[in-house]
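K.L.:
Okay, predicted coordinates and the sequence, questions at the end:
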Amino acid sequence: MIEIDNLSVTFQASGRVVRAVENVSLSVAEQESFGLVGESGSGKSTILRAICGLAPISGGSIKIDGKPVTPQTKAFARQVQMVFQDPYASLHPRHTIDSVLSEPLAIHGIKNTDTRIEQALTDVGLPPAFRFRFPHQLSGGQRQRVAIARALMLEPRILLLDEPTSALDASVQAETLNLLTRLRETRGLTFLMVSHDLAVIDHMCDRILVMQHGKAVETLTREALAAAEMTTDYARALFTASADRMLA
């Protein structure tokens, strides 16, 4: 479903060249959940932004379902949607949940708005009455559920998940991850997920790509990650640091 070949993303910042991503390749099969892990600044989120046309591609190619991406088009939006890290920033504070969820339907000329909105809220475990609330009337976990519902409104095949639980409390994180797992199974979704937390990745993903300084370091299966069978020092150190944080 997703093919990335020798992707490079380069920025100009303060008079210097920043190579955010350098020659990264990966592929994600249909209905697979693939994780990108690494320290801050490793280029994980930049890859998601490049897929969506929000970061400048300086080399390589990206294909969705075998075709070159044409981001920020209606056809792309029907196939690929993104869930951002911060549910407090991703919803307009002056728009009701009804307005947030109906907007993509209006843009794409889709009718049966009421039915779709109520079904989307039900799918993410929120009562239909929530559609007339404002974001400030919802908890962080409820806001992220709304953000997920918005991403599902156009019935995409791929979700790009950029640290979708890092801004949430631990108990709410677990609820959100379980929700995403259920939605992936029931809707046959393909996930490309960014996280700095290996425990989250281990729970959610079939395979992972470890990144450092914009480069691909190592690809691991879930089984290899669980057994700590890394082949590079950096991946091993990342795993050890994550395990230490969980024990602290």
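P.N.:
Okay, I see it. Residues are numbered from 1 along each chain as shown.
K.L.:
what ranges do the helices span in this protein?
P.N.:
Using DSSP state H, the helices found in the chain span residues 44-51, 74-79, 97-107, 113-123, 140-152, 170-187, 198-204, 222-226, 233-247.
K.L.:
Format those helices as a markdown table; extra columns: distance to residue 31, mean pLDDT and mean neighbour count.
P.N.:
For the C-beta atoms, the positions are set from N, CA and C on the backbone; glycine is no exception. Listed next are the helices of the chain as a markdown table, based on distance: least, CB to CB, whole Å; pLDDT from 0 to 100; neighbours: other CB atoms under 10 Å:
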| stretch | distance to residue 31 | mean pLDDT | mean neighbour count |
| --- | --- | --- | --- |
| helix 44-51 | 18 | 95 | 23 |
| helix 74-79 | 14 | 92 | 15 |
| helix 97-107 | 23 | 93 | 18 |
| helix 113-123 | 17 | 91 | 17 |
| helix 140-152 | 15 | 92 | 23 |
| helix 170-187 | 7 | 90 | 15 |
| helix 198-204 | 13 | 85 | 21 |
| helix 222-226 | 15 | 87 | 15 |
| helix 233-247 | 26 | 76 | 14 |
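K.L.:
Which of the ones you listed sits closest to residue 61?
P.N.:
helix 44-51 (10.6 Å; CB to CB).
K.L.:
Tell me if I'm right that residue 117 and residue 102 touch.
P.N.:
Yes: using CB atoms under 8 Å, residue 117 is in contact with residue 102, at 6.2 Å.
K.L.:
So which residue is smack in the middle of the protein?
P.N.:
residue 161 (0.8 Å; CA atoms, centre = their mean).
K.L.:
before we move on, back to that, go through the helices of the chain and name the closest to residue 16.
P.N.:
helix 44-51 (16.6 Å).
K.L.:
for that closest one, packing partners?
P.N.:
Helix 44-51 makes packing contacts with strand 2-13, strand 16-28, strand 33-37, strand 57-64, strand 158-162, strand 190-194 when contacts are defined by 3 or more CB pairs under 8 Å, 6 or more residues apart in numbering; DSSP states H and E.
K.L.:
Check what contacts it and list those residues.
P.N.:
2, 4, 7, 9, 20-21, 24, 36-38, 55-57, 62, 64, 69, 71, 80, 82, 160, 162-163, 192, 194-196, 211, 214 (CB atoms under 8 Å, 6 or more residues apart in numbering).
K.L.:
Show me what residue 36 is bridged to.
P.N.:
residue 194, residue 209 (DSSP bridges).
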